[in-house]
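[1] Sequence plus the predicted model coming up.
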Amino acid sequence: MQVTYFDNWLLFTIIFGLFLTLTFIMMRQSRNFYTKDVVVRKFTMMELEVPATARELVNLIKGLYLLPPAQSKKSINALRAQLKLDFLFMPLAYGSIFLLNWKVAFKMQLQIGHYVFLAFAFLQLVAWICDIIENIYLLGKIEPEPKMTSDKNHKNYLRMEAVKWGISLTATVCAVSAVFYFWLTGNFSSGSFYYLLIMLGELVIFFMAVKVFSKARV
């Protein structure tokens, strides 16, 4: 029996649009990410999420409090706000990946492909849990004198990051590749093509907004 859950792309396009909206907001927040590491410099969320060593993470966070008072407050507030906003971002990101893999799973003719993409879909719950743990961990670190994590615990943290990124990126790349394969081979409904145009429109608006505001003052 053909399963038709999420057969239309409406839910996906709504979630994808909200995902892009929050991505834009978080990009704007990241413009305030500064730390003092010998000199004042910008830093990225990836530097915070995947520091090579526990010492690097401690130095980055300490540097937030070594900035001039006004800049320090702005940077700390922006970082905390982004980590909290990320709790809203997570269900949109992992929900989008889940829906896409679910859709592909029930489009697959080979049974093995069906189960592989179903597995990718439900593994997003694992990635989501890892992301929640990561955010709670990092929020707890933001203080003037953050405690140094042991080398063993830091390695476990990096393994968790590898699991999170490995699951989400692999599932995304595989699902998007499968969707484009279906479209290129003509194995799609006319309705899904219109939703593709909507998603492309969302992406155009997103990149235009990024370009317009890229030189604006925060």
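    Perfect, I can see it now. What you are looking at is a predicted structure, and each value in this text was computed from that prediction instead of being measured.

[2] the strands in the chain, which residues?
    Along the chain, counting by DSSP state E, strands occupy 34-37, 39-42.

[3] With mean pLDDT added, can I get these in CSV?
    Rendered in CSV, the data for those read as follows (pLDDT from 0 to 100):
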stretch, mean pLDDT
strand 34-37, 92
strand 39-42, 93
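
[4] any chance of the ones you listed in CSV, plus mean neighbour count?
    The C-beta positions use only the backbone N, C-alpha and C, and glycine is treated the same way. What follows is these, written out as CSV (neighbours: other CB atoms under 10 Å):
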stretch, mean neighbour count
strand 34-37, 19
strand 39-42, 11
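
[5] Show me the one of those strands that comes nearest Leu60.
    Of all these, it is strand 34-37 that lies closest to Leu60, at 5.3 Å by CB to CB.

[6] same for the closest one, what does it pack against?
    The contact analysis (3 or more CB pairs under 8 Å, 6 or more residues apart in numbering; DSSP states H and E) places strand 34-37 against strand 39-42, helix 54-65, helix 69-105.

[7] in its sheet, what does it sit against?
    Sheet pairing of strand 34-37 (DSSP bridges) gives strand 39-42 (antiparallel).

[8] shaky segments in the chain?
    1-8, 188, 190-191, 215-218 (pLDDT under 70).

[9] all helices in the chain, in order from the N-terminus.
    Counting by DSSP state H, the chain has helices at residues 10-29, 45-49, 54-65, 69-105, 111-141, 151-184, 190-213.

[10] Out of these, which is closest to Val38?
    Checking those against Val38 by CB to CB gives helix 54-65 as the closest, at 9.0 Å.

[11] Now render the helices and strands packed on strand 34-37 as JSON lines, adding distance to Leu169.
    Shown next, in JSON lines, are those (distance: least, CB to CB, whole Å):
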{"stretch": "strand 39-42", "distance to Leu169": "24"}
{"stretch": "helix 54-65", "distance to Leu169": "22"}
{"stretch": "helix 69-105", "distance to Leu169": "9"}
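
[12] Ramachandran coordinates for the closest residue in space to Glu161 that isn't next to it in sequence?
    Distance criterion CB to CB, 6 or more residues apart in numbering; nearest residue to Glu161, sequence neighbours excluded, is Val50 at 5.4 Å. Dihedral angles of Val50 (phi, psi; degrees, to the nearest 10) stand at phi -130, psi 60.

[13] can you count the residues close to Trp183?
    Using other CB atoms under 10 Å, Trp183 has 13 neighbouring residues.
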